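Q: Starting from these lines, generate the structure:
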Amino acid sequence: MDENAYDFDANFADARRKLAELNERARQNTQRASALAEDANSIVATARSARGEVTVRAHVGGRLADLSFGDAADELSLDALGRLTLETITRAQREAMTLLAERGAELFGPESDIARGMASDAERSYPDTTPGR
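A: Next up, the predicted model:
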């Protein structure tokens with residue numbers, strides 16, 4: 001048997017194996033991306049002000065699910081209540097994005113571009129407004 005024919009067969013088999021591995025990884029990534037998309041639609045995060053003046057529930061992407069005021073809200077001026085409401089909304093929105101980023105890290109790995117990108121988006125889009133941070 002010609003030695004070059006053996007090398008060709010071995011190289012072809014190796015190429016087929018690598019292609020099968022790539023197809024399997026692509027299939028797994030598609031499943032992960034689908035799961036992440038479902039999570040993006042279902043995640044809702046809650047943030048509450050320290051004394052319960054404001055409670056906010058937010059979806060990934062910032063859409064509010066709920067906004068409510070506790071009895072302690074009556075003790076604040078309208079300006080203070082407005083600022084506290086905005087801060088609490090931002091915290092809920094950030095938490096929703098952070099939960100999605102954590103889910104992305106679970107599915108694709110913590111060092112994946114997807115997980116790091118979503119964590120960066122959460123930080124950039126909804127900055128931490130906690131005093132002293």
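
Q: next helix or strand past the longest helix anywhere in the chain?
A: Counting residues, the longest helix found in the chain (DSSP state H) is helix 3-42. Using DSSP states H and E, the helix or strand that directly follows helix 3-42 along the chain is strand 44-48.

Q: returning to that earlier point: helices or strands up against the longest helix of the chain?
A: helix 78-108 (3 or more Cβ pairs under 8 Å, 6 or more residues apart in numbering; DSSP states H and E). The way it works is simple: take the backbone N, C-alpha and C, and place the C-beta from them, glycine included.

Q: So which bits of the helix it packs on are buried?
A: Residues of helix 78-108 classed as buried under the neighbour-count rule (16 or more other Cβ atoms under 10 Å) are 81, 84-85, 87-105, 107-108.

Q: Could you check how far the following helix or strand past that helix is from the centre of its chain?
A: Counting by DSSP H and E, the next helix or strand C-terminal to helix 78-108 is helix 113-125. Centroid separation for helix 113-125 versus its chain: 7 Å, with Cα atoms, centre = their mean, to the nearest Å.

Q: and helix 113-125 with helix 78-108, angle?
A: Counting by axes from the mean of the first three to the mean of the last three Cα atoms, to 10 degrees, helix 113-125 lies at 170 degrees to helix 78-108.

Q: what does helix 113-125 contact?
A: By Cβ atoms under 8 Å, 6 or more residues apart in numbering, the surrounding residues in contact with helix 113-125 are 36, 62, 93-94, 97-98, 100-102, 104-105, 107-109.

Q: Could you list the buried residues of that helix?
A: So, applying 16+ other Cβ under 10 Å, buried residues of helix 113-125: 114, 115, 116, 118, 119, 122.

Q: now the angle between helix 113-125 and the longest helix of the chain, please.
A: Using the same axes, to 10 degrees: helix 3-42 against helix 113-125 is 30 degrees.
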